[in-house]
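Student: Need coordinates for the below:
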Amino acid sequence: MSIFEAAMLLCFGLAWPFSIFRSYHSKTAKGKSGFFTAVILIGYVCGIINKIFYHYDFVLYLYILNFLMVLVDFLLYFRNKRFDTARQQYENFGS
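Tutor: Now for the predicted structure:
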């Protein structure tokens, strides 16, 4: 078990709730990148696979927790893209 790996995941894990909160309340995908978030998800999947097959320890649960938080933010991205599209259509219709 690497204390530094655990510390990294804890630091990242502390940031995601703020991102989720902002994504939920802003109702816009502006400033977000779905591709970037997908790459992060893939990275966490790779970390989870590594922990399961090569070095199982409690850090696996930090990877899973972070993955779930990023997944929530990723899903909010698509919700917010729909809001942006609807808002744009409404503005174009009113013009």
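Student: In terms of helices and strands, where is the residue nearest to the spatial centre of the chain?
Tutor: Using C-alpha atoms, centre = their mean, the residue of the chain that lies closest to the mean C-alpha position is residue 70, 2.0 Å off. Element membership of residue 70, judged by DSSP states H and E, is helix 59-94.
Student: Residue 9 now?
Tutor: helix 3-26.
Student: How far away from the center of its chain is stretch 84-95?
Tutor: Once both centres are worked out by C-alpha atoms, centre = their mean, to the nearest Å, stretch 84-95 turns out to sit 28 Å from its chain's centre.
Student: next one: stretch 29-37
Tutor: Taking the mean of its C-alpha atoms, stretch 29-37 sits 10 Å from the chain's own mean (C-alpha atoms, centre = their mean).
Student: Excluding sequence neighbours, find me the nearest residue to residue 37.
Tutor: Excluding the flanking residues, the one nearest residue 37 by C-beta to C-beta, 6 or more residues apart in numbering is residue 74, at 4.7 Å. Glycine gets a C-beta too; all of them are placed from N, C-alpha and C.
Student: Could I get the contacting residues of the one you found?
Tutor: 34, 37, 38, 41 (C-beta atoms under 8 Å, 6 or more residues apart in numbering).
Student: Take those and keep only those in helices.
Tutor: Among those, the residues falling in helices (DSSP state H) are 34, 37, 38, 41.
Student: Where does the prediction get shaky in the chain?
Tutor: Flagging of the chain using pLDDT under 70 yields the residue ranges 1, 94-95.
Student: will you turn the contacts of residue 74 into TSV that also has distance to residue 66 and neighbour count?
Tutor: As requested, the contacts of residue 74 are exported to TSV (distance: C-beta to C-beta, whole Å; neighbours: other C-beta atoms under 10 Å):
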residue	distance to residue 66	neighbour count
34	18	13
37	12	19
38	15	13
41	10	16
